[in-house]
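**Q** Sequence and computational prediction follow.
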Amino acid sequence: MNKNYTEINSTVINRWVESGWEWGTPIDHETFINARQDDWSVVLTPTKPVPKPWFCEFKNARILGLASGGGQQIPIFAALGAHCTVLDYSEKQLLNEKIVAEREHYDVDIVQADMTKPLPFENECFDLIFHPVSNCYIHDVLPVWKECYRVLKKNGILLAGFDNGINYLFDDDEVTIKYKLPFNPLDDMKLYEDSIKNGWGIQFSHSIEEQIGGQLQAGFVLTDIYQDINGTGNLHDHNVPTFYATRAVKKNSSG
């Protein structure tokens with residue numbers, strides 16, 4: 001099995017973007033202009049908008065979009081006055097960021113990097129990290145939470161979306177339970193082969209201990225949470241919660 005699974009995922013996501021992937025479709029000009037007039041919303045999970053009180057003051061804030069390429073959220077933050085950096089491993093997702101930035105005439109720092117490796121940023125340089133559902137494409141999430149903690153300023157905010165694993169149990173019709181948890185193709189040759197054959201990329205389920213527990217272990221204080229559904233499909237139709245979003249804050253120096 002290929003140990004460079006993140007490179008496989010980058011290639012797969014590039015292909016999804018070229019095929020019209022929902023999460024690889026940039027916002028249009030009207031959406032950008034509306035955001036400048038404070039008419040906006042963004043998502044960390046499939047359907048539920050992130051509550052606006054979760055955010056910091058946007059004007060002159062330094063915001064990192066972590067695995068957040070695609071030209072969907074970062075342009076909104078730029079329209080609201082933030083200084084934005086976006087890190088993603090998908091060339092096509094980052095190209096979408098560049099296209100929107102050039103169209104709307106704002107600056108954005110674009111970084112192509114693998115988030116399983118140390119983030120290429122100095123300590124305590126961001127006010128907020130926006131991390132939509134994407135750590136399903138990496139094996140170990142704790143190092144990411146630790147890196148988020150490192151690069152956030154004191155009292156900085158981590159906004160993260162992630163799945164709870166339920167989706168990985170089912171076959172395509174979302175009726176029959178086909179797989180077991182944890183879903184880990186690196187530990188299961190048949191699952192790895194199915195993942196490659198079906199064009200899923202190499203994806204992983206993660207436990208609540210890894211997701212929220214990992215944030216706490218990294219030093220964050222959890223301040224809010226909500227759950228969300230898929231947006232389409234049988235589990236959606238039955239209102240099964242399959243995703244969470246969390247707001248966590250880096251402890252201040254006296255904390």
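**A** Arrived safely.

**Q** From Asn4, how far out is Leu159?
**A** With distances taken as Cβ to Cβ, to the nearest Å, Leu159 is found 29 Å from Asn4. All C-beta spots, glycine's among them, are computed from the backbone N, C-alpha and C.

**Q** show me the contacts for the residue nearest to the spatial centre of the chain.
**A** Nearest to the mean C-alpha position of the chain, by Cα atoms, centre = their mean, lies Pro132 at 2.4 Å. Taking Cβ atoms under 8 Å, 6 or more residues apart in numbering, we find Pro132 in contact with 23, 43-45, 67-68, 73, 160-161.

**Q** among those residues, which two are most distant?
**A** Greatest spatial distance in those: Trp23 and Ala160, 15.5 Å, computed using Cβ to Cβ.

**Q** With neighbour numbers in mind, choose between those two.
**A** Ala160 (27 against 17; other Cβ atoms under 10 Å).

**Q** thinking the more buried one is in contact with Leu128, fair?
**A** No. Between Ala160 and Leu128 there is no contact under Cβ atoms under 8 Å: 11.3 Å.

**Q** what ranges of this structure fall below the confidence cut-off?
**A** 1-3, 252-255 (pLDDT under 70).

**Q** ok, now with 50
**A** 254-255 (pLDDT under 50).

**Q** Let me see the ranges of the strands in it.
**A** 62-66, 83-88, 108-112, 126-131, 152-163, 220-228, 243-250 (DSSP state E).

**Q** List the buried residues for the fifth one?
**A** For strand 152-163, burial by neighbour count (16 or more other Cβ atoms under 10 Å) applies to 152-153, 156-163.

**Q** Glu209: how many residues sit nearby?
**A** By the criterion of other Cβ under 10 Å, Glu209 has 11 neighbours.

**Q** Quick check: Gln173 touching Asn234?
**A** Rather than Gln, residue 173 is Asp. Yes. The criterion here is Cβ under 8 Å, and Asp173 meets it with Asn234 at 6.7 Å.
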